Structures are given as structure tokens and as C-alpha cells.
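S.K.: Structure for this input, please:
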Amino acid sequence: MPSNKKFLKAEDFEKALKRLNKEMSKDNFLAAFAPINIVTIGGFLAVTYFKNRNATGDLDYIIDPQWAQDDEIKVPLKVAINSVAKKENFEGDWMNDSLQIWASAEASKTIFEQAYKQGILLFDSESLKVWAAPFEWALERKVRRVAYSDRGDKKVDMEDALALFKHFRKANGRPLDMEYFRKLNMNGFDMVPETHHMEMVAANYRYMYKEDLFSSSTIQAASSVTTSYSTVPAESKIGAWSDWVWSEELKCKYRSRKNAAEPNGFEYNYDTTTATPAAGPSQPASSSAAPAGPSQLAETSQEFPLKYYFVRDGKYYLNDNGKVDPSERPSHKWVYNENGWKDTQRQKKWRYGGKQVSYK
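M.R.: Residues are numbered from 1 along each chain as shown. Here you go, the predicted structure:
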């Protein structure tokens, strides 16, 4: 018996939805209230409309709010979906309403109102109509996942967000207002991304589309920056570095390049040489003999309370992103934070916003 198909292309969905239309017409309740309207987001939108992906694992949907609590509609719909899964050799959740929990009842009503106004019908049949969710809500969710999701590989979320931003950037005809998009919050109670999350997206957008995404972003050409990392060669499997972007929140510049080995498909490089770093404290002879570090490193007002220092020829330097430059490789690297000193020669970590994030 062949295994179920896990990743579905646009033609797979088209065939399956046509079959679903027929299955739904066999049920008296579904037929009586046809067509049933749903809105979709995420992978199905990326595959069938923006076409920035070739395939996705499922079609996530929210059902018309008038049927949200009606099992006489919801149950036979799921039966029909399962029937299609068996006949097409799809996974049982190839089409599911797990998205429903991410929108409040009030937000769901707004989502449908905006979807109808937006007017993008992705699939149209007698029994079922599949509408594109409002693009602002789709983008809001994607950026939030890029910023806060625990899922390891965020490359897909980043690429979906960039495709949506490209749509808005093109429609606007000029760079967008970063704060407007940062503060999108359909539910009204979800966490919004921080400024540095938006600037990270902007750097990736700049790399991919060679234009500024936000009007508030200050783009500096790499040629105008003096940094030991500016001469790092780009390997064939690694993309070229993007232009430098100044982060007002992080008080440093950073850039990105495509790197399949990194968790979200991009590698980030931070340059603090234009800022005034704290004086490098003496390197401890051992962890038990650790001197006091700069007091400002433990203050909450410091954007990067965790700083890296390394020693070369008796002088102490502030490393720009926790990676040891090949031309200035120290024998040991020490880091100071509120917990004291620690040898971190193989431990590459930044701490920002109270959250510690590892980089290879």
C-alpha cells in the first residue's frame, strides 16, 4: 500500500477540492446551506496565490463564524475531508481547522468581512468557497512566528513574510511604514514583534529584492563600513552579505546572508564598531578568579547585557557577534554577564531582550 502524500502542490489541492465539492454535495445539511465559506492562510496561500512555495503540508482554514459552533455543519464537513484524504492518499489533516483557535470570535467576524472585501477567491464551487484571508492578518501571523515561534526552521515563515511584504511594498509604490505593520494585531491581545524583529525582516527583504522595505530603515553600503567581517568570502553554498542595516533598538549595525546551515536559512552578522563599547576588563586567569565586569552590562537598559571580549597581544577587544574572527583568533574567549565570567570558546550566544539565542 503506497504511503500518504505529505506535501501537496497546487494541482494536488485543485484535484482534492473538486472531489471535496462532490463529497459535500452528498450530505443533506451541507447541501442545504451551500456554499460553505472558509478563509485560509499560510501554506495554501503561498502555494496557490503568491507561488513562493512549490508545496505545503496542509490547508489551514477558519469556517464562516455562523457555523463555528454548529456540529451539523462542521462534522459532515470533516467527514467529507477525511473521505477525500483516503481516496487521494493524503494525510488525514491535509485540510484542518486548527487555525480557528488563533482567532477570537470577534476577530473571526472581522477576518471574514475583510476577506470578502479583499475579494480573492482561491477556490470556487457549488459546495465550497475558499477565500484568501486578509493579507494583513496573514502577514501579522507570519512575522509573529518569525519573531517568537519555537519551531526550529523558520525559513519558510520568513520567505512567506517576505512574499507578503513584497505585495504591500509593490502596492504602496514606496517603502512602508514599519510601525504600522509592527503593530498589526487582529485579536488585540497578541504579542507584537519588537523593532529588531522587523529590522531583521527588512534586512532579508533587502537581500532578496534589492530594495528598502521600510521608510524608517537606514541602509548603509557595505563599502562604507570598516569591519573585520567585511572581507569574509562568500562560499558557493552561502549567499553574499546584504547591505548593512542600522538597528536603533540594538544600537548596532547588522547584515544577513543566505545560509542553509542556519536555523531560519539566514546568517546574521552584527557590527558594534560604530558604537562606543565598554572598556574591555582584564581577562580572568581562571573562572574562580573572575574580576568584576562593567556594571552597565547587567543593567536592563543595555540592549545587549551579554557582551563578548577576547584578548590578543595583551589587548582586549569587544567581539561584534560572538564569533571569533579568523584573523584575530584568541586562545580563549571569556564572557561577562550578571552571573559572572565564563569561558565560552565553543559557546556562541547573545542575550537580548531577556532572551538568550544561540548562533553557530
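S.K.: CA atoms for contacts and neighbours, from now on please.
M.R.: Fine.
S.K.: Just the residues contacting stretch 115-129, thanks.
M.R.: Counting by CA atoms under 8 Å, 6 or more residues apart in numbering, stretch 115-129 makes contact with 14, 17-18, 21-22, 24-25, 30-31, 34-39, 48-49, 130-134, all of which sit outside it.
S.K.: Out of the residues you listed, which end up buried?
M.R.: Judged by neighbour count, with 16 or more other CA atoms under 10 Å as the criterion, the buried members of the contacts of stretch 115-129 are 17-18, 21-22, 24-25, 30-31, 34-39, 48, 130-134.
S.K.: Mind checking which of the residues you listed are in strands?
M.R.: Under the assignment DSSP state E, these contribute Ile36, Asn37, Ile38, Val39, Val130, Trp131, Ala132 to strands.
S.K.: looking at it, the last one is touching Ala46, isn't it?
M.R.: Translated: Ala132. No: the criterion here is CA atoms under 8 Å, and Ala132 misses it with Ala46 at 10.4 Å.
S.K.: quick check, Arg255 in a helix?
M.R.: No: for Arg255, which was evaluated using DSSP: H, G, I helix; E, B strand; the rest coil, the result is strand, with no helix membership.
S.K.: Use 16 as the first number from now on
M.R.: Yes, from this point I'll number from 16; that puts the last item at Arg270.
S.K.: Burial check on it, number of neighbours?
M.R.: Using other CA atoms under 10 Å, Arg270 has 24 neighbouring residues.
S.K.: Quick check: it vs Ser98, distance?
M.R.: Distance of Arg270 to Ser98, given as CA to CA, to the nearest Å: 49 Å.
S.K.: now do Tyr76
M.R.: Using CA to CA, one obtains 18 Å as the distance from Tyr76 to Ser98.
S.K.: How many residues are close by the closest residue to Glu226 other than its chain neighbours?
M.R.: On the basis of CA to CA, 6 or more residues apart in numbering, the spatially nearest residue to Glu226 that is not a chain neighbour turns out to be Tyr220, at 7.5 Å. Residues within reach of Tyr220, counting by other CA under 10 Å, total 24.
S.K.: what is the rounded mean pLDDT of the helix or strand encompassing Tyr220?
M.R.: Secondary structure assignment for Tyr220, by DSSP states H and E: helix 210-224. pLDDT averaged over helix 210-224 equals 91, rounded to a whole number.
S.K.: Going by neighbour count, list what's buried in it.
M.R.: Residues of helix 210-224 classed as buried under the neighbour-count rule (16+ other CA under 10 Å) are His211, His212, Met213, Glu214, Met215, Val216, Ala217, Ala218, Asn219, Tyr220, Arg221, Tyr222.
S.K.: Closest to Met201 out of the residues you listed?
M.R.: Taking CA to CA as the measure, Met201 sits nearest to Met213 out of these, at 17.7 Å.
S.K.: ok, now how distant is Glu209 from Leu191?
M.R.: With the distance defined as CA to CA, Glu209 ends up 16 Å from Leu191.
S.K.: for Thr63, same thing?
M.R.: Thr63 sits 25 Å away from Leu191, going by CA to CA.
S.K.: Hmm, Gly58 is touching Gly72, no?
M.R.: Yes: using CA under 8 Å, Gly58 makes contact with Gly72 at a distance of 7.4 Å.
S.K.: what's the closest residue to Gly72 other than its chain neighbours in contact with, if anything?
M.R.: Once flanking residues are discounted, Gly72 sits nearest to Phe22: 4.6 Å by CA to CA, 6+ apart. Remark: with contacts taken as CA under 8 Å, 6+ apart, Phe22 is in contact with Ala70, Thr71, Gly72, Asp73.
S.K.: Name the SS class of Met173, please.
M.R.: For Met173, the reduced secondary structure class is helix; criterion used: three-state DSSP.
S.K.: for the protein, what are the low-confidence residue spans?
M.R.: Using pLDDT under 70 as the threshold, the predicted model of the chain has low-confidence ranges 16-17, 165-168, 231-255, 258-267, 269, 273-282, 287-375.
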